[in-house]
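Visitor: how would this look folded up:
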Amino acid sequence: MTEASRQPKDKNYNLIAVLYHSSDNVESLKTYIQDAEQEGDQELVDFFGGILENNLKAAQSAKEMLVARIQNEQE
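Guide: Residues are numbered from 1 along each chain as shown. Next up, the predicted model:
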């Protein structure tokens, strides 16, 4: 059985998954940035910083969309 076939086919579930993975990536990227800083590799610091920013935006957008969808379902 594949991972995709075990997941419920629910848009909110998928949105929660994006929120989770984006947030999880943020924590990993913070570590990668620290490692690059310790090595004095500014190119990697900048690269990981850009990805970090994208993940923060994705997590925030997913959170806002999820809240709005849940509120609409309760009305």
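Visitor: okay, and Glu27 sits in which element?
Guide: Using DSSP states H and E, Glu27 sits in helix 11-38.
Visitor: buried ones in the following helix or strand past that helix?
Guide: Remark: after helix 11-38, the chain's next helix or strand is helix 42-74, criterion DSSP H and E. Neighbour counts over helix 42-74 (16 or more other C-beta atoms under 10 Å) mark 45, 48-49, 51-52, 55, 58-59, 62-63, 66 as buried. For the C-beta atoms, the positions are set from N, CA and C on the backbone; glycine is no exception.
Visitor: among those, which one sits closest to Gln38?
Guide: Ranked by distance to Gln38 (C-beta to C-beta), these are led by Val45 at 10.1 Å.
Visitor: in TSV: the buried residues of helix 42-74, plus pLDDT and distance to Ile16.
Guide: Listed next are these as TSV, based on pLDDT from 0 to 100; distance: C-beta to C-beta, whole Å:
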residue	pLDDT	distance to Ile16
Val45	98	31
Phe48	98	25
Gly49	98	26
Ile51	98	21
Leu52	98	21
Asn55	98	15
Ala58	97	13
Ala59	96	11
Ala62	96	8
Lys63	95	10
Leu66	93	7
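Visitor: include distance to Ser28 when you put the residues you listed into CSV, please.
Guide: Shown next, in CSV, are the buried residues of helix 42-74 (distance: C-beta to C-beta, whole Å):
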residue, distance to Ser28
Val45, 15
Phe48, 9
Gly49, 13
Ile51, 10
Leu52, 9
Asn55, 9
Ala58, 14
Ala59, 13
Ala62, 17
Lys63, 19
Leu66, 22
